[in-house]
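**Q** sequence below, structure please.
(one chain, ligands or ions: 2)
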Amino acid sequence: MNATVLGKDATQVLLVEDDAVQITLIETLLLGNRRDRFAVETANLLSVAQKRLETGGIDVILLDLGLPDSQGIQTVRKLHECAHSVPIIVLTGSDDEDMALEALKNGAQDYLVKNAVDGPSLTRSIRYAIQRRRNDQVINEQGRRLQLLMESIPDLRIYFKDQAGCFIDVNPALARNYGFNSPQKLIGKTDFDLFSSEHAEAAREDEQTIIRTGQTIAGKVEKETIPDGTTRWALTTKIPLRGEDGKIIGTCGMSRDITGLKQAEQQLVETNARLTKAFGDLLKLHEELKETQLQLIQAEKLQSLGQMAAGVAHEIKNPIANLHMGIEYLGDYLLDRDEQIHGLITDLKDAVHRAETIIRDMLDYSAAKDLTLEHVGLDSLISQTLRFVRYELAEARVSVVTRFAEGLPAIPLDAPKIQQVLVNVFMNACHAMPDGGTLTITTGQTVLDAEEPEDEGSSVRVVAFHKGEALAAIEICDTGPGIPADKLLHIFDPFFTTKARGTGTGLGLSVVKKIIELHAGRITIANAPEGGARVTILLRCAP
Ligand SMILES: Nc1ncnc2c1ncn2[C@@H]1O[C@H](COP(=O)(O)OP(=O)(O)OP(=O)(O)O)[C@@H](O)[C@H]1O
Ligand SMILES: [Mg+2]
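**A** Ligands and ions are numbered 1, 2, ... in the order given. Predicted coordinates:
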């Protein structure tokens, strides 16, 4: 084997030729070329060429088909087998088109006739052959990578479809995912063979849009329903599939099964909803706790207030009694002596009387007294109490209407205490109607046919009644201005009064409430829709 070295970066040519004249001729053609530089090695036998190719470094083979150890097309095939990446240009004496075609089919890049070739055409053929082989190599490499992707990726479903939506290629992951043991089984099928017609129809519309517009549909979450009704979720991207000329010939898509992810997302949403609800419940509980705490603080405050009031009242009760007696004595002694002194004594008597009332109320409020219960008819108790206040009512020109229910049984109560309640309520109504009005007192009886609904909020509910309980009701309505909503919340607080200084202590309703609760009853005060205040007292018919 001979070599002609023409320098660095020269194209390495292996000339497989046994005819010395031809070798010289071709070398002359190559060396006479100004554009490219060649280094030519020669091999006179196929076996010599094969051996040389094993060591590499050859850029192109110029091959004569008639060698002593090999003839014809098989020479091309054998050389191509041992050096796939090296382009082969057949240089032959006969201009045979069929033979040329056969040579190309068996791996040759070009087919030149020795007598018809000149320097430029030979070097051009070499250049093109090398470049074509490089292009092929790039394409083959890309194809190989794509093939690797298609074959090996385990969780990405890849498909190619024609314009009619038929699969022309799918990867094993897709076939496996849809229950086919080989991608081949899906070729020619459409989405209508895999999914419910509803889903297949939607997918077809997407594909037709892609084919029409050339646009990509990226990251679409699709609900896939297979014919047995099972649903799955997929994250899909679809692109147009273009032919060599750039025209759209179908679609290509990639999708990933995200059913597990979707289920986790759904669970997360549900957990979130449960957490939000739990948080809401917690907030409500917190509010209730705060409310209870406030009530406890209030109760505590009232209890200390009551104890203090009882102490003060107890201490000043006797001095006031002495004062009372002294004024009575002085009154008798000084009576009729002087008009002015008479007036003064009367004022003093009033003041002491007021002080005594306050002290009595304070003691009533603070002392958690035992009740002395007896069965009393409500009608007679109310009528008797009205007589206590008849002068005040008459003075304020308040007329009284009573509507007593018939057959109301006598109920267990502490008569003097309930009278105290009624006097307070009647006097409040009377004070609310200084220019006259009507006081209507209604009694009735009721049996609860259901558990009580939630509190409607006219005043704080302490006692709960239960289904089947018989209750006696006293309703006292006036035609006064009613009670402003912001005051309604405080009317049962001790010392809350809207009356002028010196006229009301604000203890009346506190005592009333306490007495009713001692009876395990309930009092509510609200504004009647027709105007005025409406006081409702509920007492148990049985102890
Ligand atoms: N029928 C009513 N109409 C309008 N307001 C009323 C009525 N009953 C009570 N109130 C309001 O409730 C407040 C508290 O009443 P409560 O009986 O506790 O005290 P008071 O009447 O002001 O003083 P007293 O201790 O002398 O009774 C009253 O000052 C008044 O504002
Ligand atoms: Mg009062």
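
**Q** C-alpha only now, for contacts and for neighbours.
**A** Noted.

**Q** now the host helix or strand of Leu323: average pLDDT?
**A** Using DSSP states H and E, Leu323 maps to helix 259-334. Averaging pLDDT along helix 259-334 gives 82.

**Q** stretch 181-188 too?
**A** The average pLDDT within stretch 181-188 is 94.

**Q** any idea which helix or strand comes after the helix holding Leu323?
**A** Beyond helix 259-334 on the C-terminal side, the first helix or strand identified by DSSP H and E is helix 339-366.

**Q** what is the orientation angle of that next one with helix 259-334?
**A** Here the directions of helix 339-366 and helix 259-334 differ by 150 degrees (axes from the mean of the first three to the mean of the last three CA atoms, to 10 degrees).

**Q** output the contacting helices and strands for the helix or strand following helix 339-366.
**A** Note on helix 339-366: by DSSP H and E, the next helix or strand toward the C-terminus is strand 374-376. Applying 3 or more CA pairs under 8 Å, 6 or more residues apart in numbering; DSSP states H and E, we find strand 374-376 packed against strand 411-413.

**Q** ok, and what's touching the strand it packs on?
**A** 371-378, 472, 519, 540-543 (CA atoms under 8 Å, 6 or more residues apart in numbering).

**Q** before we move on, what about stretch 185-205?
**A** For stretch 185-205, using CA under 8 Å, 6+ apart, the contacting residues are 165-170, 175, 178, 180, 223-227, 229.

**Q** all helices of the stretch 1-150 of the chain, in order?
**A** Taking DSSP state H, counting those that start in this stretch as the test, the helices found in the stretch 1-150 of the chain are 20-31, 46-54, 73-82, 97-105, 119-152.

**Q** for the stretch 401-543 of the chain, that is, sorry about that
**A** Using DSSP H, counting those that start in this stretch, helices in the stretch 401-543 of the chain cover 415-432, 485-488, 508-518.

**Q** next, the buried residues of the first one.
**A** Of all the residues in helix 415-432, those buried under the rule 16 or more other CA atoms under 10 Å are 415, 417-426, 428-432.

**Q** alpha carbons of it, in PDB - could you do that?
**A** Extracted in PDB, the C-alpha atoms of helix 415-432 (Å, rounded to 0.1, in the frame of the first residue of the first chain):
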ATOM      1  CA  ALA A 415     -96.600  36.000  96.700                       C
ATOM      2  CA  PRO A 416     -95.000  39.000  98.300                       C
ATOM      3  CA  LYS A 417     -91.900  38.700  96.000                       C
ATOM      4  CA  ILE A 418     -94.000  38.300  92.800                       C
ATOM      5  CA  GLN A 419     -96.000  41.400  94.000                       C
ATOM      6  CA  GLN A 420     -92.700  43.200  94.300                       C
ATOM      7  CA  VAL A 421     -91.900  42.200  90.700                       C
ATOM      8  CA  LEU A 422     -95.300  43.400  89.500                       C
ATOM      9  CA  VAL A 423     -95.100  46.700  91.400                       C
ATOM     10  CA  ASN A 424     -91.700  47.500  89.800                       C
ATOM     11  CA  VAL A 425     -92.900  46.600  86.300                       C
ATOM     12  CA  PHE A 426     -96.200  48.600  86.700                       C
ATOM     13  CA  MET A 427     -94.300  51.600  88.100                       C
ATOM     14  CA  ASN A 428     -91.800  51.500  85.200                       C
ATOM     15  CA  ALA A 429     -94.800  51.500  82.700                       C
ATOM     16  CA  CYS A 430     -96.400  54.300  84.700                       C
ATOM     17  CA  HIS A 431     -93.200  56.300  84.500                       C
ATOM     18  CA  ALA A 432     -93.000  55.700  80.800                       C
END
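
**Q** helices or strands up against it?
**A** Using 3+ CA pairs under 8 Å, 6+ apart: helix 415-432 touches helix 378-388, helix 390-395, helix 508-518.

**Q** now the last one
**A** The helices and strands touching helix 508-518, judged by 3+ CA pairs under 8 Å, 6+ apart, are helix 339-366, helix 415-432, strand 522-527.

**Q** is the last one anywhere near ligand 2?
**A** When you say that, I think you mean strand 522-527. No - using CA under 5 Å from the ion, strand 522-527 stays clear of ligand 2, coming no nearer than 12.9 Å.

**Q** model confidence for the nearest residue to Met433 once chain neighbours are set aside, exactly?
**A** In this structure, Met433 finds its nearest non-sequential neighbour in Gly480, 5.0 Å apart by CA to CA, 6 or more residues apart in numbering. Looking at Gly480, its pLDDT stands at 97.

**Q** pop out the phi and psi values for Gly480.
**A** Dihedral pair for Gly480: phi -80, psi -170, per degrees, to the nearest 10.

**Q** can you give me the neighbour number for Asp98?
**A** 9 (other CA atoms under 10 Å).

**Q** what score does it have for pLDDT?
**A** According to the prediction, Asp98 has pLDDT 89.

**Q** swap in Glu374?
**A** For Glu374, the model assigns a pLDDT of 94.

**Q** got the contact list for it?
**A** Neighbouring residues of Glu374 by CA under 8 Å, 6+ apart: 411-415.

**Q** cool, Ser121 as well?
**A** Counting by CA under 8 Å, 6+ apart, Ser121 has no contacts.

**Q** before we move on, what's the pLDDT of it?
**A** 91.

**Q** if I look at it, how far off is ligand 2?
**A** Between Ser121 and ligand 2 the computed distance is 127 Å (CA to the ion, to the nearest Å).

**Q** backbone dihedrals for Trp233, both of them.
**A** According to degrees, to the nearest 10, Trp233 has phi -120, psi 140.

**Q** do the same with Ile187
**A** Backbone geometry at Ile187, expressed as degrees, to the nearest 10, gives phi -60, psi 130.

**Q** what does Arg232 give?
**A** phi -140, psi 160.

**Q** show me what counts as buried in stretch 140-154.
**A** Buried residues in stretch 140-154, defined by neighbour count with 16+ other CA under 10 Å: Met150.

**Q** is it true that Ile441 touches Ile474?
**A** Yes - Ile441 lies in contact with Ile474 (CA atoms under 8 Å); the separation is 7.0 Å.

**Q** of those two, who's got more company?
**A** Neighbours per residue, other CA under 10 Å: of Ile441 and Ile474, the larger number sits with Ile474, 24 against 21.

**Q** show me the beta-bridge partners of that one.
**A** In this entry, Ile474 is beta-bridged to Thr443, Ile537, by DSSP bridges.

**Q** enumerate every residue touching it.
**A** Neighbours of Ile474 in contact, by CA under 8 Å, 6+ apart: 441-444, 536-538.

**Q** looking at the residue lying closest to Leu509 once chain neighbours are set aside now. What's its pLDDT?
**A** By the measure of CA to CA, 6+ apart, the closest residue to Leu509 outside its immediate chain neighbours is Phe492, 5.3 Å from it. Phe492 is assigned 91 on the pLDDT scale.

**Q** quick check: Phe492 touching Lys514?
**A** No - when contacts are counted by CA under 8 Å, Phe492 is not listed as touching Lys514 (9.5 Å).

**Q** one step back: of all the helices of the stretch 1-150 of the chain, which lies closest to ligand 1?
**A** Among the helices of the stretch 1-150 of the chain, the nearest to ligand 1 by CA to the nearest ligand atom is helix 119-152 (86.6 Å).

**Q** that closest one versus helix 20-31: what angle between them?
**A** Using the same axes, to 10 degrees: helix 119-152 against helix 20-31 is 80 degrees.

**Q** wait, what's in contact with Met254?
**A** Contacts of Met254 by CA under 8 Å, 6+ apart are 156-159, 236-238.

**Q** any quick ChimeraX command for the buried ones out of those?
**A** With 16+ other CA under 10 Å as the burial test, the buried ones among the contacts of Met254 are selected in ChimeraX as follows:
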select :156,157,158,159,236,237,238
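
**Q** now, the contacts of Met254 that are in helices?
**A** The members of the contacts of Met254 all map outside helices under DSSP state H.

**Q** with that, I have no additional questions.
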